[in-house]
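Colleague: Pasted the sequence and its predicted model underneath.
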There are 2 protein chains.
Amino acid sequence: MPRKSKSIGPIRLTEVAKLAGVSPITASRFFRNPEALSLSKRERVESAAKELGYVPNLHARALASQRTEVIGVLIPSLTNNVFNDVLRGIYDASEGSRYTIQFVNTRYSIFQEEKLLRLFQAQKPAGLIVTGINQTEDSRNLMKGMACPIVQIMEIGPEPVDMMVGFSHYDASSAAVTHLISLGRKRIGFLGARMDPRVQRRLEGYLKVMKDAGLFDPALILTTPTPTAVSLGGTLFGDLLGQAPDLDAVFCVNDDLALGVLFECQRRAIAIPEKLAIVGFNDLDFMATAVPTLSSVRTNRYEMGRESVTMLIEAIEGRRPEKCVVDLGFELMIRQSSAPRRA
Amino acid sequence: MPRKSKSIGPIRLTEVAKLAGVSPITASRFFRNPEALSLSKRERVESAAKELGYVPNLHARALASQRTEVIGVLIPSLTNNVFNDVLRGIYDASEGSRYTIQFVNTRYSIFQEEKLLRLFQAQKPAGLIVTGINQTEDSRNLMKGMACPIVQIMEIGPEPVDMMVGFSHYDASSAAVTHLISLGRKRIGFLGARMDPRVQRRLEGYLKVMKDAGLFDPALILTTPTPTAVSLGGTLFGDLLGQAPDLDAVFCVNDDLALGVLFECQRRAIAIPEKLAIVGFNDLDFMATAVPTLSSVRTNRYEMGRESVTMLIEAIEGRRPEKCVVDLGFELMIRQSSAPRRA
DNA sequence: GACGCTGTTGGTAGCGCTGTCAATTGGCCA
DNA sequence: TGGCCAATTGACAGCGCTACCAACAGCGTC
C-alpha cells in the first residue's frame, strides 16, 4: 500500500455519497448542477454533506474536469490608488459568484506580464483580466490561444484580444486641456509621473490640443518615470516653474501630483486659480475637499473592475455580451482650482 | 475510452521525461529538488522542459502531494490605504519564492472571516496570514487545527495562534496623545472612523492618557462606524467643534481624517498649530508635504507585509523563527501641525 | 405490446502528478 | 575480492474528483 490508510483527513465526496445512499457521481452532480437530481436525492445529499461538513477538493475537481473557477487578474501595480479601486470592483463583483480571483502584479513590465500569462495558461483559468492594450506580440498570441474569455481593462483601443472595458485617456486628457484653454490660459503645463502607456496617451491628448491651439511649447512639459506621489508633485512643479516661469495652468496626470502642486503653491503663495489653474486626473475623494477644491477628470475605476468581472462571468457561462468593447467614459469635474478668473 | 485522445493540450511531465530519456518520477524530482539528480540527468531534463515549454500542472501536484504552495491572506478591506501597503509588502516578499498569494477580503466581518478560513482549510494552504487578533472562538480553533503555520498581522497581543507581526496600537495612540499634552494642549479631541478593533485600541490608548492627565471629557470624542475618507474628516471635525468649541488639538485615527481636518480648518480660517494642533496616524506620503506639514504616527505597514511572508516561508520550510511575535513598533513624526506654540 | 422518448442514475477509467519503497549503481573499506 | 553504505533511479498505486457512456425507469404513442 503506497499511501497511508484511508479515511483520515477531510471528508471526501465518496463518504458523503455513502451516507446519502447514492453513487459518488450523483453526489458530485449535486454540487455542480443540483437541478439534475430528483428532489429526494437532492435532499439526501444536501443533508449528508452538511452533516459531515464536506468541502469539495478544488484541486481534484480542476484536475478531473480540466477547468477551474479562477479568474486571473494581471495588474501593474499595488502602489497606485487607481488599481486599488479597480481591484475592489473586481473582488466585489466576484463575491457571491462561484469564481475565485487570482491576482498577480506585473510591475509595469510587459515581460513580467508575458511570464505571468504563461503561468496562468498552465492553470487553465476560467477567465482573465489584463491591464491595458500594450501587450507583447507573444502575450497577445498566448491570450488568443487560451480557451477562456479575456477582458482588457483601463482603456479601450482598436483590436481587442477579446473584450474591453475602459475609456479613452486621450479624449479625457484632451477634454481637460481644452477646458483650461477655454478659461483663457495659454501657458498650460503638463506634469507626468510613471509614464505608463495610459499616461503616455494622456500626454498625446495634451499635445494634440496644445498644438491645435498654437500653444505648444516643450518647456511646458515635465515628465518622469518615477512612481507617483504627493511629494513628487511639489518637486516636479518646482522644476516646471524653473522651465516655464510664466506658467498659468497645470494639468497633472493624476490627483496625487495635483495635491502636491496645491501644497507647493500654498508654500510659494501662488494664488489658485488666479495665478495658476490646476486640473488633476481620477477624481479621488480628496479633490472635492481640498482648499480650494481641485478640478479633476473623474474616471470610473470601481465600475471598471465590476463590469469586467460581470462581462467575464457572462462570457464564461456562455452568455457572451454583444457589446465586447465597453466605454465607461469620464467626466470633467470643474471646481475652484480651474474656475474662470473673474467669476 | 472515456476521455478524448491523449497528447493534445499542454505538455505533461511524462513527455518531458520521455524526451529527456528518464522516468517521469525523475523528471518530477527535477522540479522539486534538482540537487537530488545527477548532473547529467539534471541538464537533460532541464533542456527537455525548456524545449517543450513545460509548465507543471499545479492542481495535479496539489492533489498528489496533498499540499499546495499557496499562502492565504485574509484582509478586511481593499478600500483602506493601509492594507494596500501591507498587501504590497506581502506580494513583494512572495515574489521569487515558490509561493503564490491567495488574497481574500473579510469586509471587517469576523463571520465572513470564519467562513473564508473554512474555505482555506479545505484547500490545505502552505501558510496563512490573518489580520488582527479578534477572531471568533471557532476561527481560532479552526486555525489551531490547521497543519500550516499562521501569522497574525497588524497588531500584537497575548496568546498568538501561532506567529505575530505588528505593533501596539494602544501604545502608538498613547504616545501621540502624550505628545499633544506635552505641548500644553488640554482640550484634545479624538476623531475616529470605521472603529475596527485596532481603531478601538487607539481609542483606549487615548482614554487612558487623557484620564490619567485629568483631561478626559466625553464631549471631546467623536467616532463613527462609517468607512474613512478625507471628506469625512472635515464633516466629523465640524461636528466635533459643535460638541467642544474650545478644542485645541485633535488626534485623528488616520491620515485621511487628518487631511480632512486640515482642509476644514483652512475653510474656517482656524490657524494650525496656533489654534489647533493635529496629529494623524499611519504617516502616509502626503503628511510631510501638506501645508502646514502634518504630524503623524508612522507605522511600518509595508514591512509588516514583508515580514509576515518571510516568517511564514521560514516556518513552512521548517526553519521556524525563534521570535514568534515581532513588534515592528511605530514612530511619532512631529511636524508643524503639532509644533510648540511659540517656537 | 413494441417503440421511442426524456429524465435520472451509475460504472468505468482516467485527469497529471507524487509518496512510498525497492532496485540499482558506484565508491570505499577491510 | 567481498561487503557495506550512500547516492541515484524507477515501479507502482492512487490523490479526489468528473467526463463519458450505458442503463434503467417511467411515460406516451401507435
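Modeller: Sure thing, it's come through.
Colleague: which residues in chain A form strands?
Modeller: Ranges of strands within chain A are A:70-75, A:100-105, A:127-131, A:150-153, A:163-166, A:188-193, A:221-224, A:249-252, A:277-279, A:296-299, A:325-327, A:330-333, based on DSSP state E.
Colleague: Check the burial of A:L63 by counting its neighbours.
Modeller: Residues contacting A:L63 under the criterion other C-beta atoms under 10 Å in any protein chain shown number 18. The way it works is simple: take the backbone N, C-alpha and C, and place the C-beta from them, glycine included.
Colleague: Apologies, that question was intended for A:K115.
Modeller: By other C-beta under 10 Å, the residues close to A:K115 number 13.
Colleague: now it: how far from A:N33?
Modeller: Distance check for A:K115 against A:N33: by C-beta to C-beta, to the nearest Å, it reads 36 Å.
Colleague: now A:L116
Modeller: Taken as C-beta to C-beta, the span from A:L116 to A:N33 is 32 Å.
Colleague: The two: which has the busier surroundings?
Modeller: Between A:L116 and A:N33, counting by other C-beta under 10 Å, A:L116 is the more crowded of the two (19 against 9).
Colleague: which residues touch the residue nearest to that one when sequence neighbours are not counted?
Modeller: Nearest residue to A:L116 in three dimensions, chain neighbours excluded: A:V104, at 4.9 Å (C-beta to C-beta, 6 or more residues apart in numbering or on different chains). Residues near A:V104 by C-beta atoms under 8 Å, 6 or more residues apart in numbering or on different chains: A:G72, A:V73, A:L74, A:I75, A:L116, A:L119, A:F120.
Colleague: out of the residues you listed, who has the most neighbours?
Modeller: That'd be A:V73 among the contacts of A:V104, by other C-beta under 10 Å, with 29 neighbours.
Colleague: now it, which residues is it bridged with?
Modeller: Beta bridges link A:V73 to A:F103, A:I129, judged by DSSP bridges.
Colleague: how far away is it from chain B?
Modeller: Between A:V73 and chain B the computed distance is 10 Å (C-beta to the nearest C-beta, to the nearest Å).
Colleague: Could you measure from the closest residue to A:A244 other than its chain neighbours over to DNA strand C?
Modeller: Excluding the flanking residues, the one nearest A:A244 by C-beta to C-beta, 6+ apart is A:A219, at 4.7 Å. As defined by C-beta to the nearest atom of the strand, to the nearest Å, A:A219 lies at a distance of 58 Å from DNA strand C.
Colleague: residues near the closest residue to A:D239 other than its chain neighbours, how many?
Modeller: Distances taken as C-beta to C-beta, 6+ apart put A:L222 closest to A:D239, at 5.9 Å, once the chain neighbours are dropped. A count of nearby residues for A:L222, using other C-beta under 10 Å, gives 21.
Colleague: Could you do A:L312 as well?
Modeller: Taking other C-beta under 10 Å as the criterion, the count of residues near A:L312 is 30.
Colleague: Just confirm it contacts A:Q152, I think it does.
Modeller: No: in this structure, A:L312 is not within contact of A:Q152 by C-beta atoms under 8 Å, at 11.2 Å.
Colleague: Need the residues touching each of those two.
Modeller: Both A:L312 and A:Q152 are in contact with A:I129, A:M163, where contact means C-beta under 8 Å, 6+ apart.
Colleague: which bits of chain A sit near DNA strand C?
Modeller: A:2-4, A:22-23, A:25-26, A:29, A:36-38, A:40-41, A:60, A:63-64, A:66 (C-beta under 7 Å from any atom of the strand).
Colleague: could you redo the last one with a cut-off of 6 Å?
Modeller: Residues of chain A lying near DNA strand C by C-beta under 6 Å from any atom of the strand: A:P2, A:V22, A:S23, A:I25, A:T26, A:A36, A:L37, A:S38, A:K41, A:L63, A:A64.
Colleague: Make JSON lines out of those and add pLDDT and distance to B:A126.
Modeller: Formatted as JSON lines, those follow (pLDDT from 0 to 100; distance: C-beta to C-beta, whole Å):
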{"residue": "A:P2", "pLDDT": "42", "distance to B:A126": "23"}
{"residue": "A:V22", "pLDDT": "89", "distance to B:A126": "34"}
{"residue": "A:S23", "pLDDT": "89", "distance to B:A126": "34"}
{"residue": "A:I25", "pLDDT": "90", "distance to B:A126": "31"}
{"residue": "A:T26", "pLDDT": "91", "distance to B:A126": "34"}
{"residue": "A:A36", "pLDDT": "84", "distance to B:A126": "36"}
{"residue": "A:L37", "pLDDT": "85", "distance to B:A126": "36"}
{"residue": "A:S38", "pLDDT": "85", "distance to B:A126": "41"}
{"residue": "A:K41", "pLDDT": "86", "distance to B:A126": "37"}
{"residue": "A:L63", "pLDDT": "90", "distance to B:A126": "19"}
{"residue": "A:A64", "pLDDT": "92", "distance to B:A126": "23"}
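Colleague: Show me how to select, in ChimeraX, the buried members of those.
Modeller: A single ChimeraX command is used to select the members of these judged buried by 16 or more other C-beta atoms under 10 Å in any protein chain shown:
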select /A:22,26,37,41,63
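Colleague: if we take the residues of chain A next to DNA strand C, which one ends up nearest to A:G305?
Modeller: Closest approach between the residues of chain A next to DNA strand C and A:G305, by C-beta to C-beta: A:L63, at 30.0 Å.
Colleague: doesn't B:A64 make contact with the closest one?
Modeller: No: contact between A:L63 and B:A64 fails when scored by C-beta under 8 Å: they sit 9.1 Å apart.
Colleague: Next one, pLDDT for A:S295 please.
Modeller: pLDDT for A:S295: 98.
Colleague: Now do it against A:A172, distance only.
Modeller: As judged by C-beta to C-beta, A:S295 and A:A172 stand 13 Å apart.
Colleague: Same drill for those two, tell me which one is more crowded.
Modeller: Higher neighbour count among A:S295 and A:A172: A:S295, with 27 against 24, using other C-beta under 10 Å.
Colleague: Find the residue closest to that one in space, skipping its chain neighbours.
Modeller: A:S338 (4.1 Å).
Colleague: quick one, what contacts the residue nearest to A:F31 when sequence neighbours are not counted?
Modeller: Spatial nearest neighbour of A:F31, chain neighbours left out: A:P56 (5.9 Å); criterion: C-beta to C-beta, 6+ apart. A:P56 is in contact with A:L13, A:F31, B:A122, counting by C-beta under 8 Å, 6+ apart.
Colleague: Give me every residue in the stretch 1-150 of chain A lying close to chain B.
Modeller: A:9-10, A:55-60, A:62-63, A:66, A:68, A:78-79, A:81, A:84, A:87-88, A:91, A:95, A:100-103, A:105, A:118-119, A:121-123 (C-beta under 8 Å from any C-beta of the partner chain).
Colleague: scratch that, the stretch 151-300 of chain A is what I was asking about
Modeller: Near chain B, when you scan the stretch 151-300 of chain A using C-beta under 8 Å from any C-beta, you find A:229-231, A:233-234, A:256, A:259-260, A:263, A:266-267, A:285-286, A:288-291.
Colleague: buried subset of those?
Modeller: Here, 16+ other C-beta under 10 Å leaves A:229-231, A:233-234, A:256, A:259-260, A:263, A:266, A:285-286, A:288-291 buried among those.
Colleague: what's the farthest-apart pair in those?
Modeller: The span of these, defined through C-beta to C-beta, is set by A:S231 and A:A288 at 21.7 Å.
Colleague: Nearest residue to the residue nearest the centre of chain A in space, please, no chain neighbours.
Modeller: Most central in chain A under C-alpha atoms, centre = their mean is A:V86, positioned 4.1 Å from the mean C-alpha point. Nearest residue to A:V86 in three dimensions, chain neighbours excluded: A:G305, at 4.2 Å (C-beta to C-beta, 6+ apart).
Colleague: Go ahead and confirm that neighbour touches A:I90.
Modeller: Yes: contact criterion C-beta under 8 Å: A:G305 and A:I90 qualify, at 4.0 Å.
Colleague: pLDDT wise, what is A:I110 at?
Modeller: We have a pLDDT of 96 for A:I110.
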